[in-house]
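**Q** I need the structure of the sequence given here:
(chains A and B)
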Protein chains: 2
Amino acid sequence: MESSVPGRSTSRPVGRTVGDVGERAVLAELIGAVDESAARGAGASDITVVGTGDDAAVFAASGDTAISTDTIVEGRHFRLDLSSPREIGARAVVQSVADVAAMGARITGVVVSIAVPGSTDVAVVTEINRGIAGAARDLGAVVLGGDLVAASQIVITVTALGAMDGRAPVLLGGARPGDTLAVSGPLGASAAGLAILLSGRPGPRETFPAFVSAFRVPGPDLAQGVVAARAGARAMTDISDGLIEELITLADKSGVSVAVDSGSVPRPAGLAEAAAALGVDATDWVLAGGEDHQLLAAFAQPGQVPDGWTVIGEVHPPGHGVVVDGVSAGAVRGWQSFGPGAQE
Amino acid sequence: MESSVPGRSTSRPVGRTVGDVGERAVLAELIGAVDESAARGAGASDITVVGTGDDAAVFAASGDTAISTDTIVEGRHFRLDLSSPREIGARAVVQSVADVAAMGARITGVVVSIAVPGSTDVAVVTEINRGIAGAARDLGAVVLGGDLVAASQIVITVTALGAMDGRAPVLLGGARPGDTLAVSGPLGASAAGLAILLSGRPGPRETFPAFVSAFRVPGPDLAQGVVAARAGARAMTDISDGLIEELITLADKSGVSVAVDSGSVPRPAGLAEAAAALGVDATDWVLAGGEDHQLLAAFAQPGQVPDGWTVIGEVHPPGHGVVVDGVSAGAVRGWQSFGPGAQE
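**A** Numbers count the residues shown, from 1 in each chain, chains lettered A, B, ... in the order given. As a prediction, the model looks like this:
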């Protein structure tokens, strides 16, 4: 199956374009593929009452439902020369689902909008859709519906849904002085992967393929959102804009200060070597890199921190903002779509 | 309040741009505006458990929930020289909500993604948001959350949610031979408005302002979706791509033929005069114009057709497709985002 993935350069359509075939026909193909994929899935589609292909989907919700929407844009959040269409689709899903997981919700479904230039090869759209369907299935989500429109660049919006299953939502503003801060997994892999790709150097790309993969499709265990909520997490978010940026938001919303020891933040194996190969400081990737989508949470008691999570610091009374290794980190900012911190 | 609407031409930013201010700051402004708007609203926010401003929103769902997503793109679905930013935001909501209404759902909420160039004046984004919030409030929906990203053109994705309240979803495939076809309101106004604007002639624009308004923000009574479902509608859809296109879809999904009398399709007052002024045939606007977002439904008994709806034809056994005034209408197609039927 993997051999059918088109190459990373898609500027020259080699087959039928979306404009040739028409929106409805392509959408029908996508829906067929998703339905087939769901039929092969692990029964997660028991939430679907009416699937794709009607005006709207209908799903069975019982009680509080989390919902979030997230958009990725060609040339800004991804580049077709750095990621395959399938990877781009998968990444869009991970990114949106992470926001719902960060509420402590069990992921249930996604709806998707894909905008592409009319000159786009249909195979590219099919691959984006495959990436979406595959990532959704891996994360326990049903693709409930979608839209396909023409635009001047590829824009993918994923709206993710999750079930609270009777749990209270874990907010950004729930951290209290004395809480223990922990993260669900290592940080810095995605930023390292992007740096490796942008360096244009084949050596690092071949030596550190895991980082390149982590940039293309982050692989956090988003089931940890439910695990953390069950364990009593009082505040939680996913790390999309870099650890420091998320700490600033959490401290601000909670009305607290936070202190973190950068040495205790877990790093993926090989990160120091990759940084050395590129002549940069790995700590920047870890603290400000973003896009890893691991979870950051505050727990009242250190004993509540779930297995596999790593304690990185603690919550203090307000007044000091975010302190990293004893130094105020107000000036260190992560990634934003616009403004001085933008990727390009 | 209306005097604060920026002009229709936004190519030259006159104030702060989104790039100047940064994504987070603008998003915070938008969220503040929406929360304020919801607080002034008619109590529809009782579905919201956690509002905008956290990783995800959480809403109280009880039972089957309809969901649909719809995207509009600058230069394709709207033009900033033809519509104001506020109108564009409102239109995005109407278009997406119509799909949920067509399931027979009561509209409850929307989540929104707005992509704009970094050079966009913040006031334009604020106005798009105002249009979204206003239209959502008018339709009984809470703005549950949103995202704001940079892109090369304006792309707005609205995901709409509705509650089935114990009713069965009204599908596209439920029409049966002998059913009566009806529409919830007049057709052709939006297409007339677009034609008037594209003609560039000020006369028709001043004589027929209602059509221009209908193009900029369609105003169907989408509460009729619930009315039709309660009345026993067996199949329903919203008329987004033109009546004939929707009839083709409904006939196909239901495995039936349909016969319609074009003279019985309700037309807005003044349509013939507007068509005469432009030297075109009003029937094209009525049958293939699209974008009115009125509802089309099939009822088993003529007596079930709700007050205010108009009977336009009937359902027959399969084999004849869509027949209009005794002639097969297979060749007359409505509007599609791509392909030969595309608007531009």
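**Q** hey, let's count contacts and neighbours off CA atoms from now on
**A** OK.
**Q** Point me to the helix or strand that includes A:Val149.
**A** Counting by DSSP states H and E, the element that carries A:Val149 is strand A:142-150.
**Q** Now the element after that strand, going C-ward?
**A** Moving toward the C-terminus from strand A:142-150, the next helix or strand (DSSP H and E) is strand A:155-163.
**Q** now the angle between strand B:155-163 and that following strand, please.
**A** Orientation of strand A:155-163 against strand B:155-163 (axes from the mean of the first three to the mean of the last three C-alpha atoms, to 10 degrees) gives an angle of 20 degrees.
**Q** Does chain B have contacts with strand A:155-163?
**A** Yes: with C-alpha under 8 Å from any C-alpha of the partner chain as the measure, strand A:155-163 is seen reaching chain B through A:157, A:159.
**Q** which strands and helices sit next to that strand?
**A** In terms of contacts (3 or more C-alpha pairs under 8 Å, 6 or more residues apart in numbering or on different chains; DSSP states H and E), strand A:155-163 is packed against strand A:57-73, helix A:85-101, strand A:106-116.
**Q** How about the helix or strand following the last one and chain B, any contact?
**A** In the C-terminal direction, the helix or strand that comes right after strand A:106-116 (DSSP H and E) is helix A:122-138. No: contact of helix A:122-138 with chain B is not found when judged by C-alpha under 8 Å from any C-alpha; the minimum separation is 12.2 Å.
**Q** check contacts around the residue most central in space within chain A.
**A** Closest to where the C-alpha atoms of chain A average out (C-alpha atoms, centre = their mean) is A:Gln95, at 2.3 Å. Going by C-alpha atoms under 8 Å, 6 or more residues apart in numbering or on different chains, A:Gln95 touches A:70, A:240, A:291, A:293.
**Q** The second one and A:Leu296 touch, don't they?
**A** Read it as A:Ser240. No: counting by C-alpha atoms under 8 Å, A:Ser240 does not reach A:Leu296; the two are 10.3 Å apart.
**Q** Export the helices and strands packed on strand A:155-163 as TSV, with columns for mean pLDDT.
**A** Converted to TSV, these look like this (pLDDT from 0 to 100):
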stretch	mean pLDDT
strand A:57-73	93
helix A:85-101	97
strand A:106-116	95
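**Q** Quick check: which of these is buried the most?
**A** helix A:85-101 (a mean of 29; mean count of other C-alpha atoms under 10 Å in any protein chain shown).
**Q** who has more neighbours, A:Ser240 and A:Leu296?
**A** A:Leu296 (28 against 22; other C-alpha atoms under 10 Å in any protein chain shown).
**Q** Which strand residues bridge the residue lying closest to A:Leu247 once chain neighbours are set aside?
**A** Sequence neighbours aside, A:Val322 is the residue nearest to A:Leu247 in space, at 6.6 Å (criterion: C-alpha to C-alpha, 6 or more residues apart in numbering or on different chains). On the basis of DSSP bridges, A:Val322 is bridged to A:Val258.
**Q** same check, this time on A:Ile67
**A** A:Leu161, B:Ala57.
**Q** Rounded mean pLDDT for the strand holding A:Val149, please.
**A** In this model, strand A:142-150 has an average pLDDT of 92.
**Q** Does that strand reach chain B?
**A** Yes: contact of strand A:142-150 with chain B (C-alpha under 8 Å from any C-alpha) involves A:144-150.
**Q** quick one: strands adjacent to that strand?
**A** By DSSP bridges, strand A:142-150 pairs with strand A:106-116 (parallel).
**Q** returning to what we had before: count of neighbours near the residue nearest to A:Leu247?
**A** 29.
**Q** got any ranges where the stretch 201-344 of chain A has weak pLDDT?
**A** A:330-344 (pLDDT under 70).
**Q** mind redoing it with 50?
**A** A:331-344 (pLDDT under 50).
**Q** Which residue ranges of it form helices?
**A** Applying DSSP state H, counting those that start in this stretch to the stretch 201-344 of chain A gives helices spanning A:202-207, A:209-216, A:224-231, A:243-254, A:271-278, A:282-288.
**Q** tell me what the fourth one is packed against?
**A** What that stands for is helix A:243-254. strand A:235-238, strand A:257-260, helix A:282-288, strand A:322-324.
**Q** Repeat that for the last one.
**A** Under the contact criterion of 3+ C-alpha pairs under 8 Å, 6+ apart, the helices and strands touching helix A:282-288 comprise helix A:189-199, helix A:243-254, helix A:271-278.
**Q** Could you check how far it is from the centre of its chain?
**A** Helix A:282-288 has its C-alpha centroid displaced from the chain centroid by 18 Å (C-alpha atoms, centre = their mean, to the nearest Å).
**Q** Identify the residues contacting it?
**A** A:187-189, A:191-192, A:241-245, A:262, A:265, A:267, A:271-272, A:274-275, A:332-335.
**Q** let's go with 7 Å and repeat that
**A** A:187-188, A:191-192, A:242-244, A:271-272, A:275, A:333-334 (C-alpha atoms under 7 Å, 6 or more residues apart in numbering or on different chains).
**Q** okay, now A:Glu206: neighbour count?
**A** 11.
**Q** hmm, back to that, and the helices and strands packed on helix A:243-254, which is most packed in?
**A** Highest mean neighbour count among the helices and strands packed on helix A:243-254 (mean count of other C-alpha under 10 Å): strand A:235-238, a mean of 30.
**Q** Tell me if it is near chain B.
**A** Yes: using C-alpha under 7 Å from any C-alpha of the partner chain, we find that strand A:235-238 touches chain B at A:Thr237.
**Q** name the helices or strands packed onto that strand?
**A** Judged by 3 or more C-alpha pairs under 7 Å, 6 or more residues apart in numbering or on different chains; DSSP states H and E, the packing partners of strand A:235-238 are strand A:295-299.
**Q** hang on, the earlier thing: distance to A:Glu23 for the helices of the stretch 201-344 of chain A - can I get that in a markdown table?
**A** Shown next, in a markdown table, are the helices of the stretch 201-344 of chain A (distance: least, C-alpha to C-alpha, whole Å):
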| stretch | distance to A:Glu23 |
| --- | --- |
| helix A:202-207 | 37 |
| helix A:209-216 | 27 |
| helix A:224-231 | 37 |
| helix A:243-254 | 39 |
| helix A:271-278 | 43 |
| helix A:282-288 | 40 |
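**Q** re earlier: looking at the helices and strands packed on helix A:243-254, which is nearest to B:Val124?
**A** strand A:235-238 (29.8 Å; C-alpha to C-alpha).
**Q** tell me the domain boundaries of chain A?
**A** With automatic domain parsing as the criterion, the domains of chain A are listed as A:2-163, A:172-328.
**Q** Can you name the residues that contact A:Gly63?
**A** By C-alpha under 7 Å, 6+ apart, the neighbours of A:Gly63 are B:60-62.
**Q** ok, now A:Gly270?
**A** A:Gly270 touches nothing, counting by C-alpha under 7 Å, 6+ apart.
**Q** which ones are touching the spatially closest residue to A:Pro218 that is not a sequence neighbour?
**A** Leaving aside its chain neighbours, A:Pro218 sits nearest to A:Asp292 (5.7 Å; criterion: C-alpha to C-alpha, 6+ apart). Applying C-alpha under 7 Å, 6+ apart, we find A:Asp292 in contact with A:187-190, A:218, A:239-240.
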